[in-house]
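> predicted coordinates and the sequence they were generated for:
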Amino acid sequence: MTNHWVDLKNSDVILIMGSNAAENHPISFKWVMKAVENGGIIINVDPRFTRTSAKANIYARLRSGTDIAFLGGMIKYILDNDLIDKQYVVDYTNAANLVNKDFSFNDGLFSGFDPVKKKYDKATWSYQVDEKGIPLRDESLQNPQCAYQLLKKHYSRYDLDKVEAVTGTSKADLLKVYEAYTKTGAPGKAGTIMYAMGWTQHTVGVQNIRTMGIIQLLLGNIGVAGGGVNALRGESNVQGSTDQGLLYNVIPGYLKTPVASAQTLADYTKKFTPVTSDPKSLNWWSNTPKYMVSFLKAFYGDKAVKENDFGYAMLPKLDDGVNYSWLVLFDEMAKGKFKGFFAWGQNPACSSANANKVRQAMGNLDWMVNVNLFDNETGSFWRGPGMDPSKIKTEVFMLPCAASVEKEGSLANSGRWVQWRYKAIDPPGIALPDGEIIFELFEKIRALYEKEGGKYPDPILSTVWNYKDQTGKFNVVEIAKEMNGKYAADVTKPDGTSFKKGTQVVNFTVLTDDGTTACGNWIYSGSFTEAGNMTTRRNNEDKSGIGLYSEWSWSWPLNRRIIYNRASVDKNGEPRDKEHPVIKWDAASSKWIGDIADNAAPPLSDPKGKLPFIMQAEGYGRLFGGFTLNDGPFPEHYEPLECPVDMNPFSSQLNTPTLRIFGEKGDGNGEGKDVFLSNDGRYPYVCSTYRMPEHWQTGLMTRYNPQLIELQPQNICEISKELAKEKGIKNGDKVIMKSARGQIEAVAVVTSRYKPFVIHGKKIHQVGTTWHFGWMTPSDGGDSANLLTPTAGDPNTFIPESKAFMVNIERKG
Amino acid sequence: MASSAILFDSSKCTACKGCQVACKTWNQDKFEKTANSGSNQNPPALSPLTRTIIRFNETDVDDTNKIIWTFLKDSCRHCVTPPCEAYANEVCNVSDAVRITDYGAVVYTANSAKVKDLGDACPYGVPKQEKPGAPYVKCTMCFDRISNGLKPACVTACPPNALEFGPRDEIIKLAKERLAKIKDRYPDAHLHDDYEDVSVIYLLTHKNETYQNLVCADHGKIRTVSRRDFLKQIKLARRITNMLNV
Ligand code: SF4
Ligand code: SF4
Ligand code: SF4
């Protein structure tokens, strides 16, 4: 989230699209309802009428997988009716920036496409620059090559007729949503977006979110109270896990993972440190070398010295251009490329797209370590449906771990608030906190390296592992302190202040690239200073008046509650929304007051002023953007890999051109095979998988809980009354849902909350099911809906397309 | 101690069922073995193991896209003059089966086991018993919590503050204020008709008939006469406005 949960209450219009917040983030509705009490309205766009829709002022249905068409129509509506927040767009976004003359877009393809490799050369996705390298701008927005005009041209094609034909949303409903939401373009009005997996789990996932980012910039909704682009994270600490580098492409603090082509620290910093020559742009990532060196110091301590590049060579490197994400990982496992696998706190046998493939792939392993609260469909895959245990060689080890209330540590919520949590009870039996398991594992591995040597023991032997307290036990507080960072040498600053080695740093602004500071995660720097552990703070007084609660826990970065808050003020530092001021320039003290300002520089009108979008090299919010994305600088509608149509009225590209196809497209039927069938009579219905409030993820923590299984005892298949009639299915009947890859059983819920769509004049049904169940328990609950979903992912994130694929359903028996 | 009341504001309820879970947890009630019968509503009805449920109901508005999907939290209404109490005392002559506490919470004692067909005496069909001769079970307004300065478990658990607890007069005042606030958005919004006779006040966004099994009792008509007449009158008084019973 650019903003945070409490801030939802400041919103004038809350768009809930790509999420079902009332059901899957129930606590969010505490704040959503406060916004409503304050006169705000809720708009909900979803293929299915949900518990969220029931609370919405405006509800519109769209066919799953057509969000870009829907929102592209909104961009056109904004531009046609000139509803942009003019001052914001001109001053704070790249609308005025002139784009490379060689950039083009033709029939669904951007310039630079290589049809053989299915990849873009992104050289033309760039700005025209002056001799100093500063982007050329036309603040009248008239130059046909400026981002604003290109945007206008791109979305001129998204007229209501086409959008209605693609999305299945009636023109009347489209207009209702467009009109209500774009009112937030007025200065002082704020609109927010609450999205989740409904946007990410598509082959155009990142571009779905980009489209909304563009809308938020056009309406001046980023950086303001009640605005922003807000991802609702699906697990309580999933924000924390990405902050700490859980994904393959980043290391802690979203620093880029080193790659093979960057063999030295100099190579790395050159490759990954963006540059700007615009004095108005702060270009925060220019600090990359400081954060990287401090990270290396935290990793290798005294073994990290200038002479050895601070140990950079010891960090593992990715092969350039190779994708190491989830779908690829299991594809490689299916090909027998792995010997061992740690399934840590997860249940891929149920959570993974095309779960049949994943279950079969696990049979290729020699060993698997399953770290979880309970045995699950992953640890027991070898005795699952259709498996012959006598033919499976995989040896499975189960390591029971502690649940959230059985251990101490920090937890980062979607709003980036990092809150310390204490242990309530001891874990049962031999279960241990994950941290302790990793700690012991590493100690054992290190002892083996010490004893036996090995190919390249240096990284293991050089790693700092000071996480024991005086009693010799693993202590999570030591990790928290390391994340914050400390001085790695005695330091005296030019102003005479001096710090002893080992002193906690105050925050990341003092980190250096000379080896005198060590910091495990720069964005957490400031969370555990000499003043103590900030994440334990529990002062629930709100001095801000807009719900910042700045002394409750701590939020990254620097306890800033609203990111890009410099965009909430005018060029003189005056809040544009007088009712909900986030920050304000106090000329007398030459300081910002309110939230922690996005940088300390004076307002933009001052010669020393800085542009608000400090994480972009050029300092502007990007209408034309996605420079590092694989699929284009403007979002464009493409159909899901499996879709009910054979044409795309926006171009002759049916699917996103850079899609990686696993297996083959349309080669028949097969359990767990990577087959995909579009516009095929055998699988005529669009299907989404989703969650419900009564269960959680694959259900491992809820299906064993009699209280929750009482509330939702079995998996369901929700279908419209119209489809039920066509198929002779009655409410409560058992049905079989089938895709090209697998099948499951579920209880039919026949409901008015689904209705058939009319797509290009043809009636199309959509159905849905949850992915909370699995074969282990309860016995009549049904198996995972991921037996149906395709191995197809977004070209950037590789998040699977579980929200739009094709199925058939039949009444059982 | 002043009479207390609970407000259920249906404009805020998201049907998360947090109240159901909180209620069972606090009361340490056993779980039911349920099956999905084509609805989110589970358990399907109040039972000796289940003191409160969320009732779901879909109403098609017309043949366009629009539907009304309502959620109603069903439980004992804690009547100001509880028919169940009158019935136990005056018809069945079982004393101290039903207590009206200082807080206005109506609670059953072990003595309730001695009352026959107590369930029939309640216009809302609330009291349930495991088997004949067993004590009756229903919502207690969390008497054990409120008498110790806590709010009822369901109220505390409710994420969007659809449930509020407080002195009865203040809750009624709050209900009226909220009604005025939501009237523009929901032209059919109203306080459920019998709110003056009960301590669980329903603020409803839509017409009564869009809610499942929403019973409206006319408390004025209930008198304490012979058991037989009493029951007859209750049946008359019980007007089931929505027959979508489960
Ligand atoms: S806890 Fe509140 S919001 Fe959830 S179902 Fe109960 S009354 Fe409704
Ligand atoms: S609602 Fe029924 S059980 Fe509750 S007090 Fe009234 S009559 Fe008694
Ligand atoms: S007041 Fe207590 S007993 Fe009654 S429904 Fe709420 S939690 Fe259950």
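Alright, I've got the coordinates. Numbering: from 1, shown residues only, chains lettered A, B, ... in the order given. Ligands and ions are numbered 1, 2, ... in the order given.

> neighbours around the residue nearest to B:G133 when sequence neighbours are not counted, how many?
Using C-beta to C-beta, 6 or more residues apart in numbering or on different chains and skipping residues adjacent in sequence, the residue nearest B:G133 is B:A113, 5.9 Å away. The way it works is simple: take the backbone N, C-alpha and C, and place the C-beta from them, glycine included. Residues near B:A113, counting by other C-beta atoms under 10 Å in any protein chain shown, number 17.

> got it, and the one 4 residues further on?
Counted by other C-beta under 10 Å, the residues lying close to B:D117 total 14.

> gap between it and ligand 3?
Look at B:D117 and ligand 3: by C-beta to the nearest ligand atom, to the nearest Å, they are 23 Å apart.

> now swap in A:S277 and tell me
64 Å.

> ok, the residue nearest to the spatial centre of chain B - contacts?
Residue closest to the mean C-alpha point of chain B, counted by C-alpha atoms, centre = their mean, is B:S75 at 3.0 Å. By C-beta atoms under 8 Å, 6 or more residues apart in numbering or on different chains, B:S75 lies in contact with B:C23, B:L46, B:R51, B:T52, B:I53, B:V126, B:K138, B:C139, B:V200.

> out of the residues you listed, which are buried?
Neighbour counting with 16 or more other C-beta atoms under 10 Å in any protein chain shown marks B:C23, B:L46, B:R51, B:T52, B:I53, B:V126, B:K138, B:C139, B:V200 as buried within those.

> can you add distance to chain A and give these back as TSV?
Compiled in TSV, those are given as follows (distance: C-beta to the nearest C-beta, whole Å):
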residue	distance to chain A
B:C23	10
B:L46	14
B:R51	13
B:T52	12
B:I53	10
B:V126	20
B:K138	18
B:C139	17
B:V200	20
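
> ok, which of those also contact ligand 3?
B:C23, B:R51, B:T52, B:C139 (C-beta under 6 Å from any ligand atom).

> name the SS class of the last one, please.
Three-state call for B:C139 (DSSP: H, G, I helix; E, B strand; the rest coil): coil.

> am I right that A:A349 falls within a helix?
Yes - A:A349: assigned to a helix according to three-state DSSP.

> show me what contacts it?
Neighbours of A:A349 in contact, by C-beta under 8 Å, 6+ apart: A:A355, A:V358, A:R359, A:M362, A:N376, A:E377, A:T378, A:F381, A:G384, A:G774, A:S784.

> out of those, grab the one that's most surrounded.
A:A355 (32 neighbours).

> is that residue in contact with A:N786, as I believe?
Yes - here A:A355 lies in contact with A:N786, judged by C-beta atoms under 8 Å, at a distance of 4.0 Å.

> and chain B, which residues reach chain A?
Residues of chain B lying near chain A by C-beta under 8 Å from any C-beta of the partner chain: B:11-12, B:14-18, B:20-21, B:24-25, B:31-40, B:42-43, B:58, B:60, B:65-67, B:69-71, B:159-161, B:181, B:185.

> and these, which of them are buried?
Members of the residues of chain B next to chain A classed as buried by 16+ other C-beta under 10 Å are B:11-12, B:14-18, B:20-21, B:24, B:31-32, B:34, B:36, B:38-40, B:42-43, B:58, B:65, B:67, B:69-71, B:159-161.

> for the stretch 201-350 of chain A, which segments count as helices?
A:205-218, A:238-243, A:265-272, A:288-300, A:326-334, A:348-351 (DSSP state H, counting those that start in this stretch).

> which one of the residues in chain A is closest to ligand 2?
Closest residue of chain A to ligand 2, C-beta to the nearest ligand atom: A:E710 (22.9 Å).

> can you give me the distance of that residue to B:A35?
For A:E710, the distance to B:A35 (C-beta to C-beta, to the nearest Å) stands at 10 Å.

> narrow the buried ones among the contacts of B:S75 to those in helices?
Among the buried ones among the contacts of B:S75, the residues falling in helices (DSSP state H) are B:C23.

> doesn't A:L373 make contact with A:A403?
Yes - A:A403 is in contact with A:L373 according to C-beta under 8 Å; the separation is 5.6 Å.

> who touches both of the two?
When contacts are counted by C-beta under 8 Å, 6+ apart, A:A403 and A:L373 have A:M701 as shared neighbours.

> between the two, point out the one with more neighbours.
With neighbours defined as other C-beta under 10 Å, A:A403 and A:L373 compare such that A:L373 has more, 18 against 15.

> so what's that one scoring on pLDDT?
Looking at A:L373, its pLDDT reads 96.

> which residues does it contact?
A:L373 touches A:P400, A:C401, A:A403, A:A431, A:L700, A:M701, counting by C-beta under 8 Å, 6+ apart.

> circling back: between A:E710 and B:A35, what contacts are shared?
Counting by C-beta under 8 Å, 6+ apart, nothing touches both A:E710 and B:A35.

> is the one helix or strand the residue of chain A closest to ligand 2 maps to in proximity to chain B?
A:E710 belongs to helix A:706-711 when assigned by DSSP states H and E. Yes - if you take C-beta under 8 Å from any C-beta as the test, helix A:706-711 does meet chain B, through A:P706, A:Q707, A:L708, A:I709, A:E710, A:L711.

> excluding residues flanking it in the chain, which one is nearest the residue of chain A closest to ligand 2?
In space, A:E710 is closest to B:F31, 4.7 Å off (C-beta to C-beta, 6+ apart).

> same thing with A:Q766?
A:V686 (4.2 Å).

> which residues touch the residue of chain A closest to ligand 2?
So A:E710 contacts B:F31, B:E32, B:K33, B:T34, B:N42, B:P43 (C-beta under 8 Å, 6+ apart).

> how far away is it from B:K24?
8 Å.

> any shared contact partners between these two?
With C-beta under 8 Å, 6+ apart, A:E710 and B:K24 have common neighbours B:F31.

> where in chain B is pLDDT low?
B:1, B:63-65, B:220-246 (pLDDT under 70).

> residue ranges of the strands in chain B, please?
B:4-9, B:53-60, B:67-74, B:98-100, B:106-108, B:128-129, B:136-137, B:163-167, B:190-191, B:200-204, B:215-217, B:238-240 (DSSP state E).

> what strands line up against the fourth one, and which way round?
When sheet partners are counted by DSSP bridges, strand B:98-100 sits next to strand B:106-108 (antiparallel).

> report whether the strand it pairs with contacts ligand 2.
Yes - using C-beta under 6 Å from any ligand atom, strand B:106-108 reaches ligand 2 at B:V106.

> is that strand in proximity to ligand 3?
No - judged by C-beta under 6 Å from any ligand atom, strand B:106-108 makes no contact with ligand 3; its nearest approach is 9.6 Å.

> contacts for that strand?
B:76, B:78-79, B:82, B:84-85, B:97-101, B:127, B:135-138, B:140-141, B:143.

> for stretch A:81-92, same thing?
Outside stretch A:81-92, the residues touching it (C-beta under 8 Å, 6+ apart) are A:77-78, A:95-96, A:139, A:141, A:148, A:182, A:185-187, A:217-221, A:567, A:570-571, A:576, A:604, A:611-613, A:620-621, A:623.

> give me the below-cutoff pLDDT ranges for chain A.
Looking at chain A by pLDDT under 70, you get A:664-670.

> closest residue of it to ligand 3?
The nearest approach of chain A to ligand 3 comes at A:Q707, 13.5 Å away (C-beta to the nearest ligand atom).

> can you pull up the bridge partners for A:V418?
With DSSP bridges as the rule, A:V418 is bridged to A:A412, A:W554.

> which ones are touching it?
Contacts of A:V418 by C-beta under 8 Å, 6+ apart are A:G240, A:S410, A:L411, A:A412, A:Y524, A:S527, A:T535, A:S553, A:W554, A:S555, A:W556.

> that concludes my questions; thank you for your assistance.
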